[in-house]
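Undergrad: below are the sequence and a predicted model for it; my questions follow.
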Amino acid sequence: MLDELRRLAPAVRAFGVGGPRLRAAGLEALHPAEAISVMGFAEVLPAIPRVLGILRDLTRAAAERRPKVALLVDLPDFNLRLAKRLKKLGVKVVYFVSPMIWAWRRGRAKQIARVVDRMLCILPFEERFYEGTGVSARFVGHPLAERPAPGPPESYRAALGLPPGRTTVALVPGSRPSELARIFPAMLEAAERIRAGHPDAQFVVPVAPTLALAALGPYLARHAGLEVKLVEGRADEVVGASDAALVKSGTSTLESALMLRPMVVVYRLSWISYLIGKAFVRLAHFALVNILAGRRLVPELLQREASPERMARELTRLLDDPAARAAQLAGLAEVRGSLGEPGAARRVAEEIAGALP
């Protein structure tokens with residue numbers, strides 16, 4: 001995104017918080033994005049002092065440097081607080097990736113209208129949601145729409161060194177150690193049950209950059225009879241190589257949907273996080289694919305429902321029932337088409353450039 005902005009405004013300079021790619025593009029990183037990427041109510045508590053310190057540092061830097069525009073990306077609990085401080089300093093605020101206020105805390109629209117000059121949305125229904133709220137919003141398309149249409153499973157299997165003719169199941173357990181601990185053991189137990197019905201089954205797991213390969217070792221040691229291949233990164237290729245996938249809820253479900261492979265979505269939170277979320281969230285579905293489809297397109301299993309038995313049963317149905325496979329694949333193609341045309345980063349850069357004096 002910074003690269004796109006510099007094509008429009010070559011002299012622009014940027015500072016703030018960013019991940020490895022943004023830092024490589026030339027961002028002067030006052031803090032790494034990894035320092036404020038925390039998920040779950042219970043998990044946030046120990047990180048609060050660190051996150052508040054980063055908020056103070058950014059506010060101080062903005063007061064000293066007086067940037068013309070701030071681009072805030074996602075992380076609403078952090079970034080809306082930062083937006084309020086930046087507005088007091090006279091900084092224009094452009095926000096990319098709308099907070100999920102359509103899921104809970106809808107009253108936040110008034111707060112957003114006060115502190116955000118332009119909201120850039122990546123989901124097609126969000127622009128309509130903001131109508132009448134006072135928030136100036138635009139659907140710019142989803143960054144994942146940049147990805148090309150997937151090839152056949154055999155091509156991905158060849159690239160990953162997997163035998164081409166065997167039943168292949170992707171297990172996508174998440175990118176955080178806490179997610180791995182809650183989800184991966186049940187996925188592996190489900191894999192044992194799937195293999196009982198499909199003795200030729202092989203399993204492949206993408207290991208997120210935030211996890212070490214060794215972190216998966218203790219879980220795999222309990223299932224020595226399973227044939228599991230670990231792949232560093234390359235989650236889209238791993239799903240592309242599969243006949244069906246068990247996928248942790250989150251952005252990874254949308255990434256998997258774009259590969260047009262049948263899937264079952266699962267998630268387990270800490271119980272305190274689950275109970276707090278249940279009290280506030282008002283959605284018919286929790287899987288992003290189902291929210292976009294407007295119906296229960298893919299099975300979604302949460303908390304106790306995310307049992308090995310249910311995972312195995314739902315995934316086996318997608319392996320064995322041609323009608324169920326075809327219906328889900330047709331819906332996934334619709335979801336892929338709803339994400340807009342490629343060029344989201346360019347459109348965000350145009351908004352930033354347009355806000356510069």
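TA: Now that the structure is in, tell me what you want to look at.
Undergrad: quick one: the helices in the stretch 151-300 of the chain?
TA: 153-160, 177-197, 217-221, 235-240, 251-258, 271-280, 288-293 (DSSP state H, counting those that start in this stretch).
Undergrad: which residues touch the residue nearest the centre of the chain?
TA: In the chain, the centroid-proximal residue (C-alpha atoms, centre = their mean) is Thr251; its distance is 2.3 Å. Shown in contact with Thr251 (C-beta atoms under 8 Å, 6 or more residues apart in numbering): Leu288. Bear in mind the C-beta positions are built from the backbone N, C-alpha and C, glycine included.
Undergrad: any idea of the pLDDT on it?
TA: Thr251 is assigned a predicted lDDT (pLDDT) of 80.
Undergrad: now swap in Pro46 and tell me
TA: pLDDT, read off for Pro46, is 67.
Undergrad: cool, and Val38?
TA: 56.
Undergrad: in this structure, where is pLDDT below threshold?
TA: Filtered on pLDDT under 70, the chain yields the residue ranges 37-47, 103-106, 269-286.
Undergrad: let's go with 50 and repeat that
TA: By pLDDT under 50, the low-scoring segments of the chain are 40-42, 279.
Undergrad: tell me where it has strands.
TA: Along the chain, counting by DSSP state E, strands occupy 15-18, 28-32, 69-73, 92-96, 118-121, 137-139, 168-172, 202-207, 228-232, 244-248, 263-267, 300-302.
Undergrad: could you check how far the first one is from the centre of its chain?
TA: So that's strand 15-18. 20 Å (C-alpha atoms, centre = their mean, to the nearest Å).
Undergrad: got the buried residues for that strand?
TA: 16-18 (16 or more other C-beta atoms under 10 Å).
Undergrad: columns distance to Ser175 on top of these, output as a markdown table?
TA: Below are the buried residues of strand 15-18 laid out as a markdown table (distance: C-beta to C-beta, whole Å):
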| residue | distance to Ser175 |
| --- | --- |
| Gly16 | 22 |
| Val17 | 18 |
| Gly18 | 17 |
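Undergrad: ok, so of those residues, who is nearest Arg50?
TA: Val17 (12.2 Å; C-beta to C-beta).
Undergrad: beta partners of the closest one?
TA: The bridge-partner assignment for Val17, based on DSSP bridges, gives His31.
Undergrad: that one touches Leu58, doesn't it?
TA: Yes: the pair Val17 / Leu58 is scored as a contact, 6.9 Å apart, by C-beta atoms under 8 Å.
Undergrad: what touches both of those two?
TA: 30-31.
Undergrad: so Glu334 sits against Arg295, correct?
TA: No: at 10.2 Å, Glu334 does not count as touching Arg295 under the criterion of C-beta under 8 Å.
Undergrad: got the contact list for the nearest residue to Leu72 once chain neighbours are set aside?
TA: With sequence-adjacent residues excluded and distances taken as C-beta to C-beta, 6 or more residues apart in numbering, Leu72 is closest to Asn79, at 4.1 Å. Applying C-beta under 8 Å, 6+ apart to Asn79 gives the contacts 72-73, 95.
Undergrad: turn the residues you listed into JSON lines, columns for neighbour count and distance to Glu309.
TA: Formatted as JSON lines, the contacts of Asn79 follow (neighbours: other C-beta atoms under 10 Å; distance: C-beta to C-beta, whole Å):
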{"residue": "Leu72", "neighbour count": "21", "distance to Glu309": "43"}
{"residue": "Val73", "neighbour count": "18", "distance to Glu309": "39"}
{"residue": "Tyr95", "neighbour count": "25", "distance to Glu309": "42"}
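Undergrad: mind putting those into TSV with distance to Arg193?
TA: Below are the contacts of Asn79 laid out as TSV (distance: C-beta to C-beta, whole Å):
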residue	distance to Arg193
Leu72	44
Val73	40
Tyr95	44
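Undergrad: with respect to Val231, which of the buried residues of strand 15-18 is nearest?
TA: Looking across the buried residues of strand 15-18 and measuring by C-beta to C-beta, the closest to Val231 is Gly18, at 26.1 Å.
Undergrad: tell me how far the closest one lies from Ala25.
TA: Distance, Gly18 to Ala25, using C-beta to C-beta, to the nearest Å: 8 Å.
Undergrad: could you list the domains of the protein?
TA: 2-142+340-355, 153-338 (automatic domain parsing).
Undergrad: any idea which of the ones you listed is most buried?
TA: domain 153-338 (a mean of 18; mean count of other C-beta atoms under 10 Å).
Undergrad: just the buried residues of strand 15-18 now: which is nearest Leu86?
TA: Closest to Leu86, out of all of the buried residues of strand 15-18 and judged by C-beta to C-beta, is Gly16, at 10.7 Å.
Undergrad: isn't that closest one up against Leu58?
TA: Yes: under the criterion of C-beta under 8 Å, Gly16 makes contact with Leu58 at 6.5 Å.
Undergrad: common neighbours of those two, please.
TA: With C-beta under 8 Å, 6+ apart as the test, Gly16 and Leu58 both reach Leu30.
Undergrad: before we move on, the earlier item: how about the strands of the chain in a markdown table, adding distance to Leu180?
TA: Converted to a markdown table, the strands of the chain look like this (distance: least, C-beta to C-beta, whole Å):
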| stretch | distance to Leu180 |
| --- | --- |
| strand 15-18 | 25 |
| strand 28-32 | 21 |
| strand 69-73 | 25 |
| strand 92-96 | 29 |
| strand 118-121 | 31 |
| strand 137-139 | 34 |
| strand 168-172 | 11 |
| strand 202-207 | 10 |
| strand 228-232 | 12 |
| strand 244-248 | 9 |
| strand 263-267 | 13 |
| strand 300-302 | 17 |
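Undergrad: out of those, which gets nearest to Glu127?
TA: Nearest to Glu127, of the strands of the chain and by C-beta to C-beta, is strand 137-139 at 4.1 Å.
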